[in-house]
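Chemist: no FASTA, just this:
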């Protein structure tokens, strides 16, 4: 499925891009496509590989960590909304990721990347107003999803 993308360039950038395309002997579309890195194809099995908490440190960030089977979705929604709607955006990335992975899709897994992000908020290194706001919410999320305060993983 193709998607259309509109790119607006000011006159200076437009001139530079036109010059690059002309020098390379390609169209603007070919030029932009050539700038996008190619990633190796991954099977859906590889993308959704389930890992245990012991395997997380060495896991690919797209692998999946199962959450508890009976977590309270309403409680999680209230907690992530506190992060997403905070006026300074503290913890909003974590909130949005959890919302997207568990609530929007009725999911049962977090990506390893989100699990690690949650762990960093559960056990932050700093003690600032931001950490004092987000950490208790992250701990509540961790307790609801995993039944404990998950460990921080620094890899």
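Modeler: Arrived safely. What you see is a predicted model, and the numbers here were worked out from it, not measured in a lab.
Chemist: Can you get me a residue count around the nearest residue to residue 152 once chain neighbours are set aside?
Modeler: The spatial neighbour of residue 152 that comes closest, neighbours along the chain excluded (Cβ to Cβ, 6 or more residues apart in numbering), is residue 123 at 4.0 Å. Using the backbone N, CA and C atoms, a C-beta is placed for each residue, glycine as well. A count of nearby residues for residue 123, using other Cβ atoms under 10 Å, gives 16.
Chemist: Was I right to think residue 123 contacts residue 154?
Modeler: No. No contact is recorded between residue 123 and residue 154 when judged using Cβ atoms under 8 Å, the distance being 10.1 Å.
Chemist: Thought residue 91 was touching residue 121, still the case?
Modeler: Yes. Here residue 121 reaches residue 91: they are 6.3 Å apart, a contact under Cβ under 8 Å.
Chemist: higher neighbour count, these two?
Modeler: The neighbour count for residue 121 versus residue 91, taken as other Cβ under 10 Å, is higher for residue 91 (26 against 23).
Chemist: what residues are up against the residue sitting nearest the centre point of the chain?
Modeler: Centroid-nearest residue in the chain, with Cα atoms, centre = their mean: residue 97, separated by 5.2 Å. By Cβ atoms under 8 Å, 6 or more residues apart in numbering, residue 97 lies in contact with 110-111, 113-114, 117.
Chemist: Where do the helices of this protein begin and end?
Modeler: 11-24, 28-34, 44-47, 73-84, 92-98, 112-122, 129-146 (DSSP state H).
Chemist: Check these for me: which has the lowest mean pLDDT.
Modeler: Per-segment confidence across the helices of the chain bottoms out at helix 44-47, which has a mean of 52 in mean pLDDT.
Chemist: related to what we said a few turns ago, the residue nearest to the centre of the chain and residue 105: what is the separation?
Modeler: With the distance defined as Cβ to Cβ, to the nearest Å, residue 97 ends up 12 Å from residue 105.
Chemist: Repeat that for residue 5.
Modeler: As defined by Cβ to Cβ, residue 5 lies at a distance of 25 Å from residue 105.
Chemist: These two: which is more packed in?
Modeler: More neighbours surround residue 105 than the other of residue 5 and residue 105, with 10 against 7 (other Cβ under 10 Å).
Chemist: still on that earlier bit, let me have the contacts of residue 97 in a markdown table, extended by distance to residue 81.
Modeler: Output for the contacts of residue 97, formatted as a markdown table (distance: Cβ to Cβ, whole Å):
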| residue | distance to residue 81 |
| --- | --- |
| 110 | 17 |
| 111 | 20 |
| 113 | 21 |
| 114 | 17 |
| 117 | 17 |
